[in-house]
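Chemist: sequence first, then the predicted structure, then my questions.
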Amino acid sequence: MKQLSEQAFWEFSCQLYQQGNTQNTLLMLQNERQKNINLCLLLLYLEKLQLQISEPDIAHLTVLCQQLDTLLLAPHRAIRANLKQSYSQHAHYQTLRKQLLQSELQLERLQQAELLRLTQQLSLQPLTLSQNLSLYLNKYDATLLLQSLTDGKS
């Protein structure tokens, strides 16, 4: 199996997140469809490496995402939202917001590392036809995400 690199995955994700209209599409999938952004990015990363994941393995990765979201990311996002809603006029709001965004980014990176750690334990096959996203997203959402990679930012 090709070596999966945490740093390469992170760099791929950061680059992809800024490409086209991807950021907006991923946030929509997260907020409206309850899909995990890092899992979507992992599936795209595996496709770039021409590796296919199985449907049962997607289920394991989804459980891991849900656990980390529940324990770490959701509470952190709630704090950030509460700060914005209730304390945006506070003298140190911008500094606190920036610090919270940075720590959220580190939690996202932790989730990515855990996803990659679990993925390295799976039996990945050579990719013959791009199917990774279709195992996690419905056809419409997968097509929307792929199209957003080339669309202009809105």
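Modeler: Arrived safely.

Chemist: name the next helix or strand downstream of the helix or strand of the chain with the lowest mean pLDDT, please.
Modeler: None of the helices or strands of the chain scores lower by mean pLDDT, DSSP states H and E than strand 125-126, at a mean of 88. Downstream of strand 125-126, the next assigned helix or strand under DSSP states H and E is helix 132-136.

Chemist: other residues contacting that following helix?
Modeler: 35, 39-40, 43-44, 46-47, 52-55, 58, 62, 142, 145-146 (Cβ atoms under 8 Å, 6 or more residues apart in numbering). From N, CA and C alone the C-beta is placed, and that goes for glycine too.

Chemist: ok, the least confident helix or strand of the chain: who's next to it in the sheet?
Modeler: Strand 125-126 pairs in its sheet with strand 51-52 (antiparallel), by DSSP bridges.

Chemist: rounded mean pLDDT for the partner strand, please.
Modeler: The pLDDT scores in strand 51-52 average 93.
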